[in-house]
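Undergrad: next come a sequence and a model predicted from it.
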Amino acid sequence: MIRLCVLDEIPLGMARPFVVGGTKIAIYRTREEQVFAVADRCPHKGGPLSDGMLAGDQIVCPLHAFRFDRNSGSCDQPHVCPVTAYPVSVQNGIVSVDM
Amino acid sequence: MIVPLNTHRPRLVVIGNGMAGARLVEDVLAADPLKFEIVVFGEEPYGNYNRILLSNVLNGSQDAKDIFLNPLSWYAEHGVTLHAGQRVTEVDTVQRIVRAGEREVTYDAVVFATGSRPFVPPVPGTTHHGVFVFRTIDDCENIASYAEGKKKAVVIGGGLLGLEAAKGLLAHNLEVTVVERSPWLMAMQLDEAGGKVLQETIEALGIRVRVDTGTAEIVGPGSVTGVKYEDGTLDETDLVVISAGIRPNVELARAAGVAVERAIVVDDQLRTNVEHVYAVGECVQHNGMIYGLVAPLWDQTKALAQQLTGVGPTACYTGSKIATKLKVMGVELASMGVIRDLQPTDEVVVFSEPRRRVYWKAIIREGRVNAACLLGDLGPADDVMTLFQRGGAVPERRLELFFTAGSQRKETSYADLADSHQVCDCNGVSKKTICDAIRAEKCTLPAIGKATRAGTGCGSCKKVIKGLIEAVAGDVAADPSENYYVPAVPLDKPALLAEVRKRSLKSVSAVLRELGDGSADEKSKMGLSSLLHSVWNEEFVDERDARYINDRLHGNIQKDGTFSVIPRIPGGVTTADALIRFGEVAKKYNVPMVKITGSQRIDLLGVQKEDLPGVWRDLGMPSGHAYTKAYRMCKTCVGTEFCRFGTNDSTGLGIAIENRFQGFEFPAKVKMAVSGCPRNCAEATVKDVGIIAGEGGEWEIVIGGGAGASVRKADVLCRVSSKEEAIQMTGRFLIYYRENAKWLERTYDFVPRIGLSKIIDIIVNDSLGLGEWLDQEVQKTVNAFVDPWTEANVPAYPGQFDAGRSIPLNVLSS
Ligand SMILES: Cc1cc2nc3c(=O)[nH]c(=O)nc-3n(C[C@H](O)[C@H](O)[C@H](O)COP(=O)(O)OP(=O)(O)OC[C@H]3O[C@@H](n4cnc5c(N)ncnc54)[C@H](O)[C@@H]3O)c2cc1C
Ligand code: HEM
Ligand code: SF4
Ligand code: FES
């Protein structure tokens, strides 16, 4: 696991981007205090998913509003690759990701 | 026998139970059902029926029983005494008695509605069997039964009615010849060229046409066998229909001492020269005119009913402009005014396309359509008719009358029509009657026609009926969720606002929790966030996760994830110092593109997220809100400041507007403009709100315009005489829009949906008494304004401008 930040550094209901070993990822924190991570690059045209919005269990890309399931990474549009999702853990208020 | 005079109610006697007489009774009952005891005499032994649909009965497209307007039972139900089948033989205007044979009825007011009868030319043989006129339901039935098994028919008279009769006879498998005395058909409505085109069209239907032909004799003996013409030739025939014009039924009136010229003379109150004696319909002559169409008589009966009942003592009838379409399938013909009426100073606009038998002609007098006929293709007919009837100005480039009248015309807002607006002139059917039918699930033209008769006459109103079906059935049948303000909350806007205010819901998550359906999509969050901000102003609990990225970073996200920065440049007026600052900032942050926008401002494109606070700080200018559903900008022209033509200070007003409305959030973006004179260089007529200076310090305010994927010209809201009023009216409209528009509904959809006249009523006439509240809402929103770019110094949430902290793999692994 790679330690990223303390939980409060991630804004509630939104995401914060990190560059881990050169790979951009977006760490989301829901209003229900669930934390998860996806690659910060939309498989469609490269939109920054960390600037997206949450719609229930889906992340909505800010560029063309394609939606991705936060657990499986699969897209709601046909013929679009899923986005990579990474396992995350929060312990003692520290957020870590497994890559 | 003498029927005693009812001591309680005055008695109104109507002579004639045709279109006008029956309509008058309906109008009187509608105005005041208890005012009169009503007695009607009708020579025809029926209730009343729609005479103009006889053409359909003759050609078999409608059954006789379907054209009845009011059956006998209707009269009984409404307490109206109908003496059907009784011809009035005398009116004693001194003792005020109407006599029909033995029957005598006294009256307090009597109305002649005796209509007219066909003119039968004085030639030998018109009394033979097989010779008919075409006026009544009985005529129709007699023609139809006589036609059985016959081969040939001649129609004498090539006017509107004669042609309808001829087409009707074709349906009875007859070889039909139309004979016209004038050199061309429909000589009343068409010029020679038009008449020729019509002749070809009629001939193409299989009807033989003889023009320039007078009838000398109808040949018998006993039954008709032929028609002999003035030139000595003869047509063999089994049946003749005479349709050579009409003569008003005036003898009864004349005998009663009522003044008659060509018809019964009436004034604007439909009064004759004799006290208590009135007249309506085809039997009257008003201002020298006698009308042979139904539309004028709807106006006449309404005015008379208002007056008789005292509901509208000043109601008057001031004459009609007549326009009509030929109800012959396969022939497109619309006519208005008198085409022969040509003065040397008139302009004539003609278009002809012989191959398709298209012929359009309009006579323009003093810039208005005085008469027109359109044949073969009725594309522009509705627009031309509207211009003709309203007396509207013809386009400066006259050819636009025919060719772009369509695109010039504002889309008719069906919501703008009053409920009482008469949609179908032929049948006198109002918008309300049609809408009620649509709501009773009559959602097709034929179903509406069956239920209300609308659209079954000349057919010109079918377009409006279709529009009404769309407008009404559209929101009846539609899925209720279409009216939800946002998908996740099953409430329309008024209900949503009411709940939000009642429960004091100040954050998006509170609304979703208390009113939502459990889902939380991003569109709902954005819509609610904007709505709550405008409802609560400073009290709004601003949850940034409910905002789209543009609204979190106060810039427009670009395709590469960078942002655009467009500061506010009020009125498009800048300074050398400001431009230098733009240059310095662009250099310092390596801005890839500096562009002048279409909104008179400067756009720094391609700014990195983490540079946004620095760019904003260094520019030292407020946000232009070019990224959000809000007031955008107000484009201005230079106006009196420098322009030679300017009549008012457009730049000054534009800047004042900009300073007042900046930061106002709306359901969709709002763009404005102010022009300094009617040349309108700021293109204010295609803005959500535009203001255009007129003469003498006046400002015209227009709303609901737009020029994007589709173009809509703005509608005039009002004219005001000062900048202060212009700003106030603008504010009132904008708040009304904010309060009532659907999420993402631009003003160019909102204004036609609500209806301009209603908006004018509410905003300008303050019919709902909302004015003060609207003003207060403007002030509250102004007070709550905070420039979002001040977040440069105090980020609103952690990582707002963070581009991604870099974490080396080897160091922090565990
Ligand atoms: C076949 C046909 C098609 C037409 N198509 C159209 C069209 O498409 N568009 C259009 O605008 N117009 C059309 N018209 C013209 C339209 O029908 C007349 O303008 C309209 O009917 C005039 O109404 P009115 O009440 O004045 O006269 P009428 O409808 O003729 O009514 C007069 C009534 O008074 C009765 N009457 C007369 N004298 C007496 C008396 N002494 N005692 C008792 N009763 C009496 C008559 O029997 C008659 O029933 C058409 C007419 C016909 C015949
Ligand atoms: C999400 C999609 C859109 C984006 C991102 C966008 C962005 C912009 C931007 C950045 C500007 C310059 C604004 C300024 O200077 O303040 C602009 C101007 C303009 N936009 Fe859009 N726009 C969008 C959709 C539309 C639509 C749907 C229409 C038409 C209905 C439209 C019509 C215009 C027009 C006419 C201008 C010029 C304004 C003027 O000259 O007054 N835009 N747009
Ligand atoms: S609209 Fe009139 S005042 Fe404004 S710039 Fe154009 S011509 Fe001049
Ligand atoms: S780049 Fe994400 S939807 Fe197009």
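TA: In hand now; what should we look at? Ligands and ions are numbered 1, 2, ... in the order given.

Undergrad: low-confidence regions, the stretch 151-300 of chain B specifically.
TA: Under the criterion pLDDT under 70, no range of the stretch 151-300 of chain B is flagged.

Undergrad: so where do the helices sit in it?
TA: B:160-170, B:192-204, B:251-255, B:295-309 (DSSP state H, counting those that start in this stretch).

Undergrad: for B:L401, which non-adjacent residue is spatially closest?
TA: Spatial nearest neighbour of B:L401, chain neighbours left out: B:V394 (5.4 Å); criterion: Cβ to Cβ, 6 or more residues apart in numbering or on different chains. All C-beta spots, glycine's among them, are computed from the backbone N, C-alpha and C.

Undergrad: run a quick neighbour tally on the one you found.
TA: Using other Cβ atoms under 10 Å in any protein chain shown, B:V394 has 22 neighbouring residues.

Undergrad: please apply the same query to the one 4 residues further on.
TA: When neighbours are counted by other Cβ under 10 Å, B:R398 registers 15.

Undergrad: helix/strand/coil for it?
TA: Classification of B:R398 using DSSP: H, G, I helix; E, B strand; the rest coil returns coil.

Undergrad: residue contacts, the residue nearest to B:S507 when sequence neighbours are not counted?
TA: Nearest non-adjacent residue to B:S507, counting by Cβ to Cβ, 6+ apart: B:V541, 3.7 Å away. Under the criterion of Cβ atoms under 8 Å, 6 or more residues apart in numbering or on different chains, the neighbours of B:V541 are B:506-507, B:510, B:532.

Undergrad: got TSV for those residues, with neighbour count, pLDDT and distance to B:D425 too?
TA: Listed next are the contacts of B:V541 as TSV, based on neighbours: other Cβ atoms under 10 Å in any protein chain shown; pLDDT from 0 to 100; distance: Cβ to Cβ, whole Å:
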residue	neighbour count	pLDDT	distance to B:D425
B:K506	16	95	55
B:S507	17	95	56
B:A510	18	95	55
B:L532	24	95	50
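
Undergrad: which of the helices of the stretch 151-300 of chain B sits most buried?
TA: Of the helices of the stretch 151-300 of chain B, the one with the most neighbours on average (mean count of other Cβ atoms under 10 Å in any protein chain shown) is helix B:160-170, at a mean of 25.

Undergrad: what sits closest to B:F733 if chain neighbours are left out?
TA: In space, B:F733 is closest to B:I763, 5.2 Å off (Cβ to Cβ, 6+ apart).

Undergrad: returning to what we had before: helix or strand for the residue nearest to B:S507, which one?
TA: Assigned by DSSP states H and E, B:V541 falls within no helix or strand.

Undergrad: now the closest residue to B:G312 other than its chain neighbours: how far from B:G21?
TA: Counting by Cβ to Cβ, 6+ apart, B:Q306 is the residue found nearest to B:G312 once chain neighbours are left out, at 3.2 Å. Distance, B:Q306 to B:G21, by Cβ to Cβ, to the nearest Å: 17 Å.

Undergrad: ditto for B:L717
TA: Distance from B:L717 to B:G21, by Cβ to Cβ: 44 Å.

Undergrad: and the residue in the stretch 401-550 of chain B that ligand 1 sits nearest to, what does it touch?
TA: Using Cβ to the nearest ligand atom, the single residue of the stretch 401-550 of chain B nearest to ligand 1 is B:C458, 5.0 Å away. Contact partners of B:C458, counting by Cβ under 8 Å, 6+ apart, are B:52, B:324-327, B:425-426.

Undergrad: low-scoring stretches of chain B, by residue?
TA: B:1-7, B:404-415, B:474-482, B:810-814.

Undergrad: spell out which parts of it neighbour chain A.
TA: Taking Cβ under 8 Å from any Cβ of the partner chain as the measure of proximity, chain B contacts chain A at B:509, B:519-522, B:525-526, B:543-546, B:548-549, B:552-553, B:557, B:559-561, B:797-800, B:802-809, B:812-814.

Undergrad: just the ones of those in helices?
TA: Assigned to helices by DSSP state H, the following of the residues of chain B next to chain A qualify: B:509, B:522, B:525-526, B:549, B:552-553, B:809, B:812.

Undergrad: list the beta-bridge partners for residue 90.
TA: All of this is about chain A. A:V95 (DSSP bridges).

Undergrad: sorry, I should have been clearer: chain B.
TA: Beta-bridge partners of B:E90, as defined by DSSP bridges: B:R99.

Undergrad: could you check how far it is from B:G226?
TA: 41 Å.

Undergrad: report the buried members of the residues of chain B next to chain A.
TA: B:509, B:520-522, B:525-526, B:543, B:545-546, B:548-549, B:552-553, B:557, B:561, B:797, B:799-800, B:802-804, B:807 (16 or more other Cβ atoms under 10 Å in any protein chain shown).

Undergrad: out of those residues, which touch ligand 3?
TA: Residues of these in contact with ligand 3 (Cβ under 6 Å from any ligand atom): none.

Undergrad: near ligand 4, which residues of chain A?
TA: A:42, A:44-47, A:61, A:63-64, A:66.

Undergrad: give me the residue from the stretch 351-500 of chain B nearest ligand 3.
TA: Closest point on the stretch 351-500 of chain B to ligand 3, by Cβ to the nearest ligand atom, is B:E396, at 18.5 Å.

Undergrad: what about that residue, how many residues nearby?
TA: 7.

Undergrad: can you report phi and psi for it?
TA: With angles defined as degrees, to the nearest 10, B:E396 sits at phi -50, psi -50.

Undergrad: strands of chain A, start to end?
TA: For chain A, the strands defined by DSSP state E occupy A:2-6, A:15-20, A:23-29, A:35-39, A:53-55, A:58-60, A:67-69, A:85-86, A:88-91, A:94-97.
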